[in-house]
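In: no sequence on hand, only this structure:
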DNA sequence: GTTATTATTTGACTTTTGTCAAACAACCGC
DNA sequence: GCGGTTGTTTGACAAAAGTCAAATAATAAC
């Protein structure tokens, strides 16, 4: 089911609602390794990822590049705090491959929630989905060993494993790259 | 500034808004070590914690009690996923001391968002605040050593340290209790 | 294609963290 | 205030994870 159909089915969109929505999402193609959002800037846009893959990352206190999220096909690409509150972002979002996205600006999204009230519910759903994902991730970091975290990751995201550099997976899991290499050998 | 004043000041509440609000929050006193929410149940209530302290916890796959949050005076006590979506909770919430709370049920909260639209914004604020807190926590678990996590914790929450059993702080930080004891000796 | 860059693996070693068991300390309920 | 329960510390040890440096391997840029 595509985007339009799911809006109609799950959020009761009318044809008119869909038109207001579609006219505000603009298709765009980003080359590989290009920044969608840079830290320090206010997130002015949100994207639906039609194809390709992105990741978000921060720099820790030793300036290490730490991956905090992976975005794959079908994901909503957003820095929640920065976009929702219009404050400078702590995180960067960068493409890992060429990406096809549908982009909406903060202003257009404001219009849209005015015109199509169901967009409030969608936004709430997205926020809650992201919150739950983060909660699960947090509990995993809190309770699992490095090896367990990696094994769970490949089980849940075999597709990401194929397409992303191991060093990004390592930092995402909070594991040193050399340690991850040894974990991989041992299983 | 108390609750009423901040609603008037930050959310433009009228006297009427306040009355609708106040009549739906019921004061209650919970004894120490009593469950506010038990896993498997749907969270029917949300509380504002006037005094006392609570924690949320889950059981991991080895049935260890893992603390996931501390709630202190002034916090909103809620299991977000369970309350917002009205699904069974994975987490438990329990008092650590006698607590004075103001409680509102899910139904009353629904009424309130209908009568006082600003409550939508407040709910959004609370959700975002919790999301940001979780994001910070997650990054700490991902990037800091056990000792660094503990030192940051005592710096940010000296008050909790005084009032909560070390084993709960240990599980919250993802550290074995014996290891935490040694970390404490070393600093 | 070739070279330069970047990513991954591996070895040798150190440090950090966990495990198990026992001792000690604090707290609770009667 | 006593006895039992629960919480914390400690020792001896084992396992997990990190560090540094070098060797390979893979990839990107020309």
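Out: Nice, I can see it. Everything quoted here is computed from the prediction, not taken from an experiment. Numbering: from 1, shown residues only, chains lettered A, B, ... in the order given.

In: next, the angle from the longest helix along chain A to helix B:118-143.
Out: Longest helix of chain A, by residue count under DSSP state H: helix A:118-143. Taking axes from the mean of the first three to the mean of the last three Cα atoms, to 10 degrees, one finds helix A:118-143 and helix B:118-143 inclined to each other by 30 degrees.

In: can helix A:118-143 be said to contact DNA strand C?
Out: No - on the criterion Cβ under 7 Å from any atom of the strand, helix A:118-143 is out of touch with DNA strand C, staying 9.4 Å away. Any C-beta I mention is one placed from the backbone N, CA and C, and that applies to glycine too.

In: so what does the helix or strand residue A:58 falls within touch, helix or strand wise?
Out: In the assignment (DSSP states H and E), residue A:58 maps to strand A:53-59. If contacts are counted by 3 or more Cβ pairs under 8 Å, 6 or more residues apart in numbering or on different chains; DSSP states H and E, strand A:53-59 sits against strand A:65-72, strand A:92-95, helix A:166-173.

In: for the ones you listed, which one sits closest to DNA strand D?
Out: helix A:166-173 (8.0 Å; Cβ to the nearest atom of the strand).

In: flag every buried residue along the closest one.
Out: Using 16 or more other Cβ atoms under 10 Å in any protein chain shown as the test for burial, helix A:166-173 gives A:168-173.

In: give me the mean pLDDT for it.
Out: Averaging pLDDT along helix A:166-173 yields 98.

In: next secondary structure after the longest helix of chain A?
Out: Next helix or strand after helix A:118-143 toward the C-terminus (DSSP H and E): helix A:146-156.

In: quick one: that next one near DNA strand C?
Out: No - contact of helix A:146-156 with DNA strand C (Cβ under 7 Å from any atom of the strand) is absent, the minimum separation being 10.5 Å.

In: next, the buried residues of the longest helix of chain A.
Out: Buried residues in helix A:118-143, counted by 16+ other Cβ under 10 Å: A:118-119, A:122-123, A:127-128, A:130-131, A:134-135, A:137-143.

In: who are the contact partners of the closest residue to residue A:59 other than its chain neighbours?
Out: Excluding its sequence neighbours, the residue lying closest to residue A:59 (Cβ to Cβ, 6 or more residues apart in numbering or on different chains) is residue A:65, at 6.3 Å. Residues near residue A:65 by Cβ atoms under 8 Å, 6 or more residues apart in numbering or on different chains: A:57, A:59, A:171.

In: quick check: residues of chain A near DNA strand D?
Out: Within chain A, the residues that sit near DNA strand D (Cβ under 7 Å from any atom of the strand) are A:145-147, A:174-176, A:178-179, A:183.

In: so where's chain A shaky on pLDDT?
Out: Within chain A, the ranges that satisfy pLDDT under 70 run A:1.

In: now with 50, please.
Out: Counting by pLDDT under 50, chain A contains no low-confidence segment.

In: flag every residue of it that's near chain B.
Out: Within chain A, the residues that sit near chain B (Cβ under 8 Å from any Cβ of the partner chain) are A:58, A:60, A:64, A:66, A:68, A:80-81, A:84-85, A:120, A:124, A:127-128, A:130-132, A:134-135, A:137-139, A:141-143, A:171-174.

In: if we use 7 Å, what do you get?
Out: Counting by Cβ under 7 Å from any Cβ of the partner chain, chain A comes close to chain B at A:58, A:60, A:66, A:68, A:80-81, A:84-85, A:127-128, A:131-132, A:134-135, A:137-139, A:141-143, A:174.

In: of the residues of chain A next to DNA strand D, which is the nearest to residue A:5?
Out: Nearest to residue A:5 out of the residues of chain A next to DNA strand D is residue A:174 (Cβ to Cβ; 38.8 Å).

In: ok, that closest one touching residue B:139?
Out: No - the criterion here is Cβ atoms under 7 Å, and residue A:174 misses it with residue B:139 at 9.5 Å.

In: ok, residue A:94 - contacts?
Out: A:33-36, A:54-55 (Cβ atoms under 7 Å, 6 or more residues apart in numbering or on different chains).

In: quick one on the thing from earlier: okay, now the sheet partners of the strand holding residue A:58, with direction.
Out: Looking at strand A:53-59 with DSSP bridges, its partner strands are strand A:65-72 (antiparallel), strand A:92-95 (antiparallel).

In: list the contacts of residue A:66.
Out: Residue A:66 sits next to A:57-58, A:60, A:171, B:142-143 when contact means Cβ under 7 Å, 6+ apart.
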